[in-house]
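Trainee: Test case, fold it:
(one chain, ligands or ions: 1)
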Amino acid sequence: MGSPVNVLVLNASYEPLHKVDVRHAVRMLVRGVAVVEEAVEGRSIGHFPMPRVLRLVRYVTMRWRYGRRPSWSKPALRHRDGGRCGYCGRARADTVDHIVPRSRGGATDWENTVLACGPCNTRKRDRTPAEAGMRLLLVPRVPRWNELVA
Ligand SMILES: [Zn+2]
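Mentor: Residues are numbered from 1 along each chain as shown. So this is what the prediction gives:
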């Protein structure tokens, strides 16, 4: 395991922007235009934790944490599921399915949503997959930051 070649840069609202190499990342930290959002545990580079993910900021703050979860959004869900329906695998799925339906208190979060095609979403309605006799092709989970960049 060498040092990570690429560091993911997020904008101030946590949306992934692009990747930079470690030297570029350190220059951004030195200039104070970014903070470390996720670090390689136990490693540092100069005064800084070895960055895995940077976030752009207006003001210099040296807060950093391990393992912040990417926040849920439909575009991010589309990245996580590769644009495919979680029930039939069809490409260009464009609806969000709540595995436990919202009408029964199901949350809009990473563990309770998958991308679904229109026909599968219509067929499932406000039922659980088991009730609808449908099987999920994937385990809904919190994605890693890197998975959210194409
Ligand atoms: Zn489908």
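Trainee: For the longest strand along the chain, what does the pLDDT average out to?
Mentor: In the chain, ranked by residue count with DSSP state E as the criterion, the top strand is strand 34-45. Averaging pLDDT along strand 34-45 gives 90.
Trainee: got the contact list for the closest residue to residue 99 other than its chain neighbours?
Mentor: By the measure of Cβ to Cβ, 6 or more residues apart in numbering, the closest residue to residue 99 outside its immediate chain neighbours is residue 112, 5.1 Å from it. Yep, even glycine has a C-beta here, placed from its N, CA and C like the rest. Applying Cβ atoms under 8 Å, 6 or more residues apart in numbering, one finds that residue 112 lies in contact with 98, 99, 100, 106, 140.
Trainee: so which of these is the most crowded?
Mentor: Using other Cβ atoms under 10 Å as the neighbour test, the contacts of residue 112 are led by residue 98, with 21 neighbours.
Trainee: what's the weakest-modelled helix or strand in the protein?
Mentor: strand 16-21 (a mean of 84; mean pLDDT, DSSP states H and E).
Trainee: Show me what secondary structure element comes after that one.
Mentor: The first helix or strand that comes after strand 16-21 along the chain, using DSSP states H and E, is helix 22-31.
Trainee: and that following helix, how far out from the chain's middle?
Mentor: Distance of helix 22-31 from the chain centroid (Cα atoms, centre = their mean, to the nearest Å) equals 23 Å.
Trainee: Give me the contact list for it.
Mentor: Here helix 22-31 makes contact (Cβ under 8 Å, 6+ apart) with 3-5, 7, 9, 20, 34-36, 45-46, 48, 50-51, 54.
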